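A.B. asks: I would like to see how this sequence folds:
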Amino acid sequence: MKIQNKVFVVTGAGSGIGREITKAIIASGGKVAGVDLRKEGLQELKKELGGQGDNLSIHEASVADKKAVEALPKEIIKDQGHVDGLINNAGIIQPFVKVNDLDYDAIDRVMGVNFYGTLYMIKAFLPELLKRPEGNIVNISSMGGFLPVPGQSVYGASKAAVKLLSEGLSSELIDTNVGVTVVFPGATSTNITKNSGVKSPMSEEDAKKAKIPTQSPADVAKLVVRAIQNNQLRVYAGKDSKFMNKIYRLSPDYATNLIAKQMKSLLK
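C.D. replies: Numbers count the residues shown, from 1 in each chain. Take a look at the predicted model:
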């Protein structure tokens, strides 16, 4: 699918990966309807884009709010004229605790944003995408969506649900004009912990000592744009995601135990 002159809805467009995807799409000649819970980030991005800021429309909404999502197609089409693509990027993590210690409010919040938010957006915009000559849906899952991470079990379950929803949707749309891509980012330098209202299990000093390799949101954005252009179903973003995908396929038990050992010191 070509990016140029196409209109994409991007959730979580005000920061992190969503912000960089928005910039990459606009740089490639497309337009973006940016959706975010906080419009301040979108307004800052619009200023940053300078002369290209006209290619971004701002829409404040929570993807976990079904009624708010259902109102978005009409609002966005009024501003943009039509919609060719949907990028479900908005997501949050859970507190770094075991399932036994995780309260139901946190569980509902994570599932509401990560899974139901993605589902609501698809249900709202797929009818519009099917009207276009070509369309695309990108769902951002996570390395934690195919590999169990202790202390993020419910987050991982929400992202695994996004994985299977994407793959099932791709099969359902195989004879249509709409392609589907699911992305599995590894460790990425974003503010998702802060934006999720979650306390990091590791201090900044400890994180520096651990030297955990991370990719930039811009790196992920480049892969997303390329996947749209090539109608690619799966994208493993980051060396860690690619490596663990191979290891998990070869030996799920070994991969699971490896991650469990790494997370043990961070969980009580």
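A.B. asks: For the stretch 1-150 of the chain, which segments count as strands?
C.D. replies: Using DSSP state E, counting those that start in this stretch, the strands of the stretch 1-150 of the chain run over residues 7-11, 31-36, 56-60, 85-88, 135-140.
A.B. asks: For the protein, which helix or strand comes out least confident on mean pLDDT?
C.D. replies: helix 204-210 (a mean of 48; mean pLDDT, DSSP states H and E).
A.B. asks: coming back round to it: which of the strands of the stretch 1-150 of the chain sits closest to residue 94?
C.D. replies: Nearest to residue 94, of all the strands of the stretch 1-150 of the chain, is strand 135-140, at 16.5 Å by CB to CB. Heads up, the C-betas are built off the backbone N, CA and C, glycines and all.
A.B. asks: what's the angle from that closest one to strand 7-11?
C.D. replies: 20 degrees (axes from the mean of the first three to the mean of the last three CA atoms, to 10 degrees).
A.B. asks: What lies in contact with stretch 47-61?
C.D. replies: With CB atoms under 8 Å, 6 or more residues apart in numbering as the test, stretch 47-61 has contacts from 22-23, 26-27, 30-39, 42-43, 45-46, 68-69, 71-72, 75-76, 79-80.
A.B. asks: Is it possible to mark the buried ones in these?
C.D. replies: Buried residues within those, defined by neighbour count using 16 or more other CB atoms under 10 Å: 22-23, 26, 30-37, 39, 42-43, 45-46, 68-69, 72, 76, 80.
A.B. asks: next one: stretch 48-58 to chain centre, how far?
C.D. replies: Here the centre of stretch 48-58 is set off from its chain's centre by 21 Å, with CA atoms, centre = their mean, to the nearest Å.
A.B. asks: Mind listing what's buried along it?
C.D. replies: Residues of stretch 48-58 classed as buried: 49, 55, 56, 57, 58 (neighbour count, 16+ other CB under 10 Å).
A.B. asks: Next: stretch 236-255.
C.D. replies: Judged by neighbour count (16+ other CB under 10 Å), stretch 236-255 contains these buried residues: 236, 237, 238, 240, 241, 244, 245, 247, 248, 255.
A.B. asks: Quick one: end-to-end distance for that stretch.
C.D. replies: The first and last residues of stretch 236-255 sit 16 Å apart, counting by CA to CA, to the nearest Å.
A.B. asks: Which residue ranges of the stretch 51-200 of the chain form helices?
C.D. replies: Counting by DSSP state H, counting those that start in this stretch, residue ranges of the helices within the stretch 51-200 of the chain are 66-80, 104-111, 117-129, 153-172, 192-195.
A.B. asks: if we compare these, which one ends up closest to residue 230?
C.D. replies: Across the helices of the stretch 51-200 of the chain, the minimum distance to residue 230, taken as CB to CB, is reached by helix 153-172, at 14.1 Å.
A.B. asks: Can I get that closest one in PDB, CA atoms only?
C.D. replies: C-alpha atoms of helix 153-172 as PDB (Å, rounded to 0.1, in the frame of the first residue of the first chain):
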ATOM      1  CA  SER A 153       1.400 -11.500  32.700                       C
ATOM      2  CA  VAL A 154      -1.800  -9.600  32.100                       C
ATOM      3  CA  TYR A 155      -0.100  -7.100  29.900                       C
ATOM      4  CA  GLY A 156       1.300 -10.000  27.900                       C
ATOM      5  CA  ALA A 157      -2.200 -11.600  27.700                       C
ATOM      6  CA  SER A 158      -3.600  -8.400  26.300                       C
ATOM      7  CA  LYS A 159      -0.900  -8.200  23.700                       C
ATOM      8  CA  ALA A 160      -1.200 -12.000  22.900                       C
ATOM      9  CA  ALA A 161      -4.900 -11.300  22.300                       C
ATOM     10  CA  VAL A 162      -3.900  -8.500  19.900                       C
ATOM     11  CA  LYS A 163      -1.700 -10.900  18.100                       C
ATOM     12  CA  LEU A 164      -4.400 -13.500  17.500                       C
ATOM     13  CA  LEU A 165      -7.000 -10.900  16.700                       C
ATOM     14  CA  SER A 166      -4.700  -9.500  14.000                       C
ATOM     15  CA  GLU A 167      -3.900 -12.900  12.500                       C
ATOM     16  CA  GLY A 168      -7.500 -13.900  12.500                       C
ATOM     17  CA  LEU A 169      -8.600 -10.600  11.000                       C
ATOM     18  CA  SER A 170      -5.900 -11.000   8.300                       C
ATOM     19  CA  SER A 171      -7.400 -14.400   7.400                       C
ATOM     20  CA  GLU A 172     -10.900 -12.900   7.300                       C
END
